[in-house]
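# Dropping a prediction and its sequence here:
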Amino acid sequence: MAQIKEKEYKTNFDLNLWKRYLSFLKPYKKSLIMLIIIMVFVGAIDATFPYLSKYAIDNFVVKGTYENFYKFIMFYAFLIVFQTVNVYYLIAIAGKIDMGLCHDIRKSAFERLQSLSFSFFDTTQTGYLMARLTSDVSKLGDTLAWGIVDMVWGFSIMSFILFYLLSLNARLALYIILAIPVLFVISIYFQKRILSQYRKVRKLNSQITGSFNEGIMGAKTTKVLSTEDMHIGEFKNETGEMKKAAIRAAVLSSIYMPIVISLGSISTAFILVMGGKQVYLNMISYGTLVAFISYSIQFFEPVRELARVMAELISAQAAAERVIDLIETKPEIIDYSDDDSLKINGDVVFENVSFKYKEGEKVLENFNLNVKKGQSIALVGETGSGKSTIVNLVCRFYEPTEGTIYIDGVDYRKIPLKVLHSSLGYVLQTPHLFSGTVADNIRYGKLDATMEEIIEAAKLVNAHEFIMGLEKGYDTEVGEGGSKLSIGQRQLISLARAVISNPSIFILDEATSSVDAHTEHMIQDAINNVLKGRTSFIIAHRLSTIVSADRILVIDDGKILEEGSHKELLRKKGHYYSLYKNMLMSDIHLIS
Ligand SMILES: Nc1ncnc2c1ncn2[C@@H]1O[C@H](COP(=O)(O)OP(=O)(O)OP(=O)(O)O)[C@@H](O)[C@H]1O
C-alpha cells in the first residue's frame, strides 16, 4: 500500500499560524469570555481553600474559640457550591467550544474539498484527507478548548497562590518560587521530547488511516489476488513503528513524573524544616505552616499543566498546519464570470490545445477538433492515448495548458462552472451510486426534480421496467455504492441521473465490464435515446456504439490519427480498419 507523504512541520511556536486558526474562535467570542471569567474564579477559589484551612487552624484549633465559626462554615459552603456551579459551566462551555470548533473546521475543510479541482485529488490521497478531517480536527478542537481552560486556570491559581504566599510570609514563599524556573525548564525539556514521539505517532496514524482505507476499499481485490499476507505484513510494520514511538513517549513520561514529584517533595521538605523552625520561634502560626505545605504541593500542578499545554500546542500545531493548509488550498479552476443566465447549445471547438498533468510530459499537443451541436463523437484508441483527458478538458475538470476550448463560440473559461456542469451529462465507466433510494440517486442529477421527471428519465433510458420490478420500486435502497444492484442496473440508473437535467452535452465513458446480451441491448438502446439531439463524446468500447457514432476519432499519443464515419474509415483500411477487425474477432470469439 502506498505511503502517505507527510510534510515535516515546524517545532517552534508559530504565532502567525495560530492567529489564522484562532479566527475559527470568532463565533464563540462570548462563550470564550465567559469561560475565561469562570476559570479565573475556579483558580482563585482553589487557591483560597488552604488559606481558609490556615484560618480554621489558627482560630478554631489553636485559639480554641468559636468566634465567627458559623460565618466561616457558611462561607466555606458557599465557596464549594460556587465552585461546583463553575465546574459545571466550565465543562459545558469548553465542551461546546470544542465540539463547535470541530464542526466548523470540518465543515470548512469539507466545503473546500468540494470546490477543489481534479488535480488536487490526483496528488492527495484519500487516507491523508480522512486523517485531516477526523483525528487532526478533533485534536485541534480538543487542544484549543481545553488548553484555554488549563492555561487560564494555571495562571489564575498561580497568581492567587503567590498573592497568599507573599502576604503570609515572603521569605518562606521564596523557597517555592525558586523551584518554579527549575521545574519549568525540566518540564519543557521532557514535554518536547515526549511530544516529538507523539508527533511520530500522529504521522504514523495518518499512514495507518490510509492503509485502513485502502485495506477496506480494496478488500475484494486483495482476496482475489491472495495478497492478504503482504498487506498484513505492511500494516504490522506501520503499527509496530507506532507502538515503538508510543512506548518511548510513555518511558519518557515515567522518568519525568518522578522528577517533578521529587522536586515538589524537596520544596515541601524545605518548607517543613524552615517553616517548622519559624513556628518553633513563634515567627509564624501553625495555620500558616499548614497553608504553606498545601501551597507547595498545589503550586506545582499548574506549572506542570502550563508546560504540558505549551507542549501540546506545539504538537497540535502540526495538526493545525495540515488542516489550515487544506482549508486554504486554492482551487486551480475558478470562475471568471457569474452570468448564470447563459444557455449552452453544444458546439465544441478545441483550438491548438496542449495539456499536461505534470511538468515534463505532454498528453495533448496542438490538438484541434470542431464538433457541431448534436454530433456524436466516438473516441477510440489504445489505453493511455488521451481519450479521458479530452473529455476531462471538455468538462473543464482540467484546463488546457495552452490553446483554448470554445463552447458555442465562447472561450469556455468565461462560462460559469455551474452553467457548464449543469449542461453536461456525464456517465463514468464505473458509475458510482450513493447510499439512498433509486429515486434519490436519479434526483442527484437535478435536485429539484419531481417524481414525474424521475420516472420520465428512467423511462427514457429503459430503466423504468426493472425499477418497478424491485421490491420497493423507486424507493428501493441501492446499498453503499449501489452494491445491491447489478452493474447493468447501476449503469442504467446513472444514465437516468445524467439525462434528467436535459444536458446539451453528453459524456459517456462506456463500461468495459461485460454484461449479458439482453442488458447490453437495453443499455445500447438507452444510450441511443439519450444521445438524440445532444452533442456527445463517448469513450467507446462497444462496437455498436462506435458504428452508430457520427464521427469516430482514433486517438494515439494525444493526436487524432484518423477521423471519419464508420464507413469512411473502413474504406481507408487504416488503423480503424484493423482496430475494428480485432474488435469484431473478439466479439465473434466471445459469442462462440
Ligand atoms: N490524473 C493524472 N495525472 C497524471 N497523469 C495522468 C492522469 N490521468 C492520465 N494521465 C496520463 O495521461 C495520459 C493519457 O491518459 P488518459 O487517461 O487520457 O488515456 P485514455 O486513452 O483515456 O486511457 P484508458 O483507455 O486506459 O482510460 C497517460 O499517459 C496517463 O498516464
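Thanks, I have it. Numbers count the residues shown, from 1 in each chain.
# Would you agree Thr288 is in contact with Leu168?
Yes. Using CB atoms under 8 Å, Thr288 is in contact with Leu168, at 5.2 Å. Glycine gets a C-beta too; all of them are placed from N, C-alpha and C.
# so what's in contact with the two at the same time?
With contacts taken as CB atoms under 8 Å, 6 or more residues apart in numbering, Thr288 and Leu168 have Lys54 as neighbours in common.
# I'd guessed Glu351 sits against Gly403; true?
Yes. Using CB under 8 Å, Glu351 is in contact with Gly403, at 5.6 Å.
# any common contacting residues for these two?
By CB under 8 Å, 6+ apart, Glu351 and Gly403 have no common neighbours.
# Now the closest residue to the ligand within the stretch 401-550 of the chain: phi and psi?
Among the residues of the stretch 401-550 of the chain, Ile539 lies closest to the ligand, at 6.2 Å counting by CB to the nearest ligand atom. Reported as degrees, to the nearest 10, the phi and psi values for Ile539 are phi -80, psi 100.
# which residues touch it?
By CB under 8 Å, 6+ apart, Ile539 lies in contact with Leu379, Lys387, Ser388, Val391, Gln429, Leu508, Asp509, Glu510.
# Keep only those of those residues that are in helices.
Lys387, Ser388, Val391 (DSSP state H).
# Among those residues, the buried ones, what's the PyMOL command?
With 16 or more other CB atoms under 10 Å as the criterion, this PyMOL line picks the buried residues out of the ones in helices among the contacts of Ile539:
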select buried, resi 387+388+391
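# contacting residues for the residue nearest the centre of the chain?
Centroid-nearest residue in the chain, with CA atoms, centre = their mean: Leu133, separated by 2.6 Å. Contact partners of Leu133, counting by CB under 8 Å, 6+ apart, are Arg106, Ala109, Phe110.
# Next: Gln298.
Neighbour list for Gln298: Asp46, Ala47, Pro50, Ile157, Ile161 [criterion: CB under 8 Å, 6+ apart].
# Quick one: neighbours of Pro400, just the number.
20 (other CB atoms under 10 Å).
# for the chain, where's the lowest mean pLDDT among helices and strands?
Ranked by mean pLDDT, DSSP states H and E, the weakest helix or strand in the chain is helix 219-225, scoring a mean of 66.
# Pull the number of nearby residues for whichever residue of the stretch 201-350 of the chain sits closest to the ligand.
Closest to the ligand within the stretch 201-350 of the chain is Glu332: 12.8 Å, counting by CB to the nearest ligand atom. For Glu332, the count of nearby residues is 12 (other CB under 10 Å).
# residues in contact with the nearest residue to it once chain neighbours are set aside?
Of all residues not flanking Glu332 in the chain, Ser117 sits nearest, at 4.2 Å (CB to CB, 6 or more residues apart in numbering). Ser117 makes contacts with Pro331, Glu332, Ile333, Phe397, Tyr398, as judged by CB under 8 Å, 6+ apart.
# next SSE after the helix or strand hosting Ile538?
With elements taken from DSSP states H and E, the one containing Ile538 is strand 535-539. Under the assignment DSSP H and E, the closest C-terminal helix or strand after strand 535-539 is helix 543-548.
# Report the mean per-residue pLDDT for that following helix.
Mean pLDDT, computed over helix 543-548, is 81.
# Repeat that for stretch 127-146.
The model assigns stretch 127-146 a mean pLDDT of 81.
# What of stretch 390-405?
The pLDDT scores in stretch 390-405 average 91.
# try stretch 353-361
87.
# same for the helix or strand harbouring Val81, what does it pack against?
For Val81, the host element (DSSP H and E) is helix 69-115. Judged by 3 or more CB pairs under 8 Å, 6 or more residues apart in numbering; DSSP states H and E, the packing partners of helix 69-115 are helix 29-56, helix 137-168, helix 286-327.
# got the angle between the longest one and helix 29-56?
Between helix 286-327 and helix 29-56, the angle formed by their directions is 160 degrees, by axes from the mean of the first three to the mean of the last three CA atoms, to 10 degrees.
# you'd agree Ile455 is in a helix?
Yes. Counting by DSSP: H, G, I helix; E, B strand; the rest coil, Ile455 is part of a helix.
# Tell me how far it lies from Ile442.
9 Å (CB to CB, to the nearest Å).
# Comparing the two, which residue is more hemmed in?
Ile442 (29 against 20).
# Show the contacting residues for the more buried one.
Counting by CB under 8 Å, 6+ apart, Ile442 touches Ala449, Ile454, Ala457, Ala458, Ile493, Ala496, Arg497, Ile500.
# So which of those residues are in strands?
Assigned to strands by DSSP state E, none of the contacts of Ile442 qualify.
# what's the most distant pair in those residues?
Farthest pair in the contacts of Ile442 (CB to CB) is Ala449 and Ile493. Separation: 13.6 Å.
# More neighbours: these two, which one.
More crowded of Ala449 and Ile493, by other CB under 10 Å: Ile493, with 26 against 19.
# residues near the residue of the stretch 1-150 of the chain found nearest the ligand, how many?
Going by CB to the nearest ligand atom, the ligand is nearest to Asp122 of the stretch 1-150 of the chain, at 4.1 Å. Asp122 has 10 neighbouring residues, counting by other CB under 10 Å.
# how close does it sit to Lys330?
16 Å.
# swap in Met158?
Met158 sits 44 Å away from Lys330, going by CB to CB.
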